[in-house]
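> Have a look at this fold, sequence not included:
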């Protein structure tokens, strides 16, 4: 074996060793990530009560925690909270997705005087957390009569979807990658700008639509801060985040802790279903468009 072959063999060996190390590190990180999820899932079936347990695996398994979560509504009405959150998340998701995609397309394809100014303002505003405005938002909602009764749901939908258009930068970057020659060809065929957007650009942009939809759904589904500020003591309109937080309060934690774990599993189900249904569109993004 000459020096060149030895050097090649040595490089291959080092490459294999580095690959093994990378895979081991990734496996360890995966285990660290999975352990809390597995523990919550096991705890949701536990027969033990209280927040202090002596073993990782439950000493007994039962479905009582799930049954109680949806039937014992005298103290904490989890089904109503789940319903409130689902309604708010669905409507917020639809409105936010339409806002983001529309503004992103306009920023990508259209040219007007304040375009760069608007983009700079949106980028600067994105550097600040949304909850900085929660006090002002609450008093605005209160002034227009959206802080009481059934209007709380409307208020939360407006809060979650109202400012979504400012988060257009990522989608705008994706639309920039769609060739403008396709738009021009559609215009020559007699298509309007709206038809180009719906029949040419949107079919080619499935990955960013999936990302936008998931983000728009997860925001209201998991949010705690704005829901707490707007709902206040109106327990009838609590979201699941507020309900789960309530289960960890001093007067409830001993009797509701395993139900809290069951609730944590339940609220992950719609997210998992949405992701499974929509993930195939990630690979369909370049499948082609229908010219109209």
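Great, that's in hand. Just so it is clear, the structure is predicted and the values come from calculations on it, not from any experiment.

> Just say helix, strand or coil for residue 68.
Following DSSP: H, G, I helix; E, B strand; the rest coil, the label given to residue 68 is helix.

> what residues are up against the nearest residue to it once chain neighbours are set aside?
Using CB to CB, 6 or more residues apart in numbering and skipping residues adjacent in sequence, the residue nearest residue 68 is residue 259, 5.7 Å away. C-beta coordinates here come from the backbone N, C-alpha and C atoms, glycine included. When contacts are counted by CB atoms under 8 Å, 6 or more residues apart in numbering, residue 259 is found next to 65, 68, 69, 78, 247.

> Among the residues you listed, which one has the most neighbours?
Ranked by neighbour count (other CB atoms under 10 Å), those have residue 78 at the top, with 27 neighbours.

> got a list of what that residue touches?
Per CB under 8 Å, 6+ apart, neighbours of residue 78: 69, 70, 240, 243, 259, 263.

> measure the last one to residue 69 for me?
So that's residue 263. With distances taken as CB to CB, to the nearest Å, residue 263 is found 6 Å from residue 69.

> try residue 129
Here the distance between residue 129 and residue 69 works out to 32 Å (CB to CB).

> do residue 259 as well
Between residue 259 and residue 69 the computed distance is 5 Å (CB to CB).

> now the host helix or strand of residue 259: mean pLDDT?
In this structure, residue 259 sits in helix 253-278 according to DSSP states H and E. The average pLDDT for helix 253-278 rounds to 86.

> That one: how far from the chain's middle?
14 Å (CA atoms, centre = their mean, to the nearest Å).

> So what touches stretch 128-139?
Residues outside stretch 128-139 that contact it (CB under 8 Å, 6+ apart): 147, 159, 163, 225, 226, 229, 230.

> Now do the contacts for the one residue sitting closest to the centre of the chain.
Central residue of the chain (CA atoms, centre = their mean): residue 218, 2.5 Å from the mean position. Counting by CB under 8 Å, 6+ apart, residue 218 touches residue 271.

> swap the cut-off to 10 Å and go again
By CB atoms under 10 Å, 6 or more residues apart in numbering, residue 218 lies in contact with 89, 93, 271, 274, 275.

> Overlap of the contact sets of residue 259 and residue 69?
Shared contacts of residue 259 and residue 69, defined by CB under 10 Å, 6+ apart, are found at 44, 76, 78, 243, 247.

> so which one among those has the lowest pLDDT?
residue 76 (83).

> burial count for that one?
What residue 76 shows, counting by other CB under 10 Å, is a neighbour count of 22.

> doesn't it fall inside a strand?
No: read with three-state DSSP, residue 76 is coil and lies in no strand.

> Next up, the contacts around it.
Contact analysis of residue 76 by CB under 10 Å, 6+ apart lists 68-69, 235, 238, 242-244, 246-247, 252, 256, 259-260, 263.

> Mark which of those residues are buried, thanks.
For the contacts of residue 76, a burial check counting by 16 or more other CB atoms under 10 Å picks out 68, 69, 238, 242, 243, 244, 246, 247, 256, 259, 260, 263.

> Would you agree the second one is in contact with residue 262?
Yes: Residue 69 is within contact range of residue 262, at 5.0 Å (criterion: CB atoms under 10 Å).

> what touches both of these two?
With CB under 10 Å, 6+ apart, residue 69 and residue 262 have common neighbours 44, 78, 247, 256.

> and these as JSON lines, adding distance to residue 19?
Compiled in JSON lines, the shared contacts of residue 69 and residue 262 are given as follows (distance: CB to CB, whole Å):
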{"residue": "44", "distance to residue 19": "38"}
{"residue": "78", "distance to residue 19": "47"}
{"residue": "247", "distance to residue 19": "45"}
{"residue": "256", "distance to residue 19": "47"}
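
> which stretches of this protein form helices?
3-43, 64-71, 78-109, 115-125, 134-143, 151-162, 169-177, 180-188, 193-196, 206-222, 225-231, 240-247, 253-278 (DSSP state H).

> other SSEs contacting the fourth one?
Counting contacts by 3 or more CB pairs under 10 Å, 6 or more residues apart in numbering; DSSP states H and E, helix 115-125 packs against helix 78-109, helix 169-177.

> What residues of it count as buried?
118, 122.
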